[in-house]
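1. Task: produce atomic coordinates for the following.
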Amino acid sequence: QVQLVESGGGLVQAGDSLRLSCAASGRTFTDYTLGWFRQAPGKEREIVAAISWSGGIRTYADSVKGRFTISRDNAKNTVYLQMNSLKPEDTAVYYCAAAPTMLMTSITTEYWGQGTQVTVSS
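-> As a prediction, the model looks like this:
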């Protein structure tokens, strides 16, 4: 079992920055690819970013490339999502996720956090 707890969400204005954190506990942290998904009201959950166990491979949704950065600190069992130049369309509940494969999707993800709300006003 892996427990994931997110923090760092909130209400910001367009153009602002936020950093989300996700603390993991339980099974060996480095066994998993970690990532962030988001779900806006009335929309399907979509992957935002993922990072391999070593941090050497990072993938991003096209909508956030150049604005968001995913990183992980295996010593602290924590994964981060730095979000810059936020837009109103980034408003969603953001979920931390852990998967046993770099091909991270809603189906391959084994563990989910409880979610943290990010709201970007225009």
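2. Before we move on, what's the pLDDT of residue 26?
-> Note for residue 26: predicted pLDDT of 83.
3. From what I see, residue 80 and residue 24 are in contact.
-> No - between residue 80 and residue 24 there is no contact under CB atoms under 8 Å: 11.8 Å. Any C-beta I mention is one placed from the backbone N, CA and C, and that applies to glycine too.
4. More neighbours: these two, which one.
-> Neighbour count, other CB atoms under 10 Å: between residue 80 and residue 24, residue 24 has more, with 23 against 20.
5. List the contacts of that one.
-> Residue 24 is in contact with 2-5, 34, 77-79, 96, 98, counting by CB atoms under 8 Å, 6 or more residues apart in numbering.
6. Mind listing residues that contact stretch 58-78?
-> Stretch 58-78 is contacted from outside by 21-25, 29-30, 34-36, 46-53, 55, 79-86, 89-90, 102, 104, using CB under 8 Å, 6+ apart.
7. which of the residues in it are buried?
-> Buried residues in stretch 58-78, counted by 16 or more other CB atoms under 10 Å: 59-60, 64, 68-70, 72, 77-78.
8. measure that stretch end to end?
-> Start and end residues of stretch 58-78 are separated by 15 Å (CA to CA, to the nearest Å).
9. What pLDDT is listed against the residue positioned nearest the centre of the chain?
-> Centroid-nearest residue in the chain, with CA atoms, centre = their mean: residue 36, separated by 2.2 Å. Residue 36 is assigned a predicted lDDT (pLDDT) of 98.
10. From residue 68, how far off is it?
-> 8 Å (CB to CB, to the nearest Å).
11. list residues touching both of the two?
-> Going by CB under 8 Å, 6+ apart, residues that sit against residue 36 and also against residue 68 are 48-49, 81.
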